[in-house]
Every structure is written in C-alpha cells, then in structure tokens.
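A.B. asks: fold the following for me, if possible:
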Amino acid sequence: MLKNLELYNDKKSRKQIIDQFYSGLNQENIHEAVTSLEERKHKDFPHGAVYFQNDLSTEKQNDLSLSKLDGLFIINEDDTQKGAVIPLQIIVQFLASNREQIAQEKALSLIQIENIIDRLELTLKSEEL
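C.D. replies: Numbering: from 1, shown residues only. Next up, the predicted model:
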C-alpha cells in the first residue's frame, strides 16, 4: 500500500511522475493501466501503482485532496514511493502530446494510441456528467 510516500504537487514533478509511470509500462500492461483509469480501480505495476478515490479511506482522500477525476500515481524507488495526484485530463493531454513516442516505445500503432486517448476522453466526459 502507501509506505514512505513522498507526495509532489508542483507541475514539473507531476510531469516527471507521469513520464516515469508511462515509461515503466510495456505493451501488455499499458492496456491494464488504461482499463484501471477507465474503471477507476487500483492497479499495481512492477514499477509503481495507481489509486483512485474509492481505493482509499475517506481520511486519506481528504488528506490528498483526491477527487473522482484524479488518480494517485505512485513510482517505487528503493525504500520510498514518489507520488502525485494527477487529474485524468492531464493524463489524456500527456498521452496526446506524446502519442508518437509512446507508440514507438510500446510497439503500438498510432491508431491504438488514438483509441486509448478516445477511451479515456469518453471516461472523462461520462464522469463529468
């Protein structure tokens, strides 16, 4: 779970955590990450984890200011965890801005990346209703 968590809130650190999180995914588990984001369900990965509002106690949600449109992204580093609360909209923007690089690194087609972005945008729209 959350042990020795260092929480970052500045824009530069959040971008770095997003980048590290997605860099640590491979072709198989990037789809698991997308499903986790769509369903808003906790998922562990070899390099970290993602948590959502319903995965944490009300007290922890309040401590983190975690809304239903946010994810708590965790990167495991040695004996500590680096984390940031990141809105889903920022994740969609990251994927859209880096689609070519992500497609190449994860051996995915641009159409697959576009489908991932579309799925997350639909999730966002349905959550905002």
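A.B. asks: please count neighbours and contacts with C-alpha atoms only from this point.
C.D. replies: Will do.
A.B. asks: what mean pLDDT does the top helix by length along the chain get?
C.D. replies: Using DSSP state H, we find that the single longest helix of the chain is helix 110-128. Averaging pLDDT along helix 110-128 yields 92.
A.B. asks: what lies in contact with that helix?
C.D. replies: 34, 37-38, 68-69, 88-89, 92, 95-96, 99-100, 102-103 (Cα atoms under 8 Å, 6 or more residues apart in numbering).
A.B. asks: mind listing what's buried in that helix?
C.D. replies: Neighbour-count burial for helix 110-128 flags Ile113, Ile116, Ile117, Arg119, Leu120, Glu121, Thr123, Leu124 (criterion: 16 or more other Cα atoms under 10 Å).
A.B. asks: check stretch 29-36 too.
C.D. replies: Ile30, Glu32, Ala33, Thr35, Ser36.
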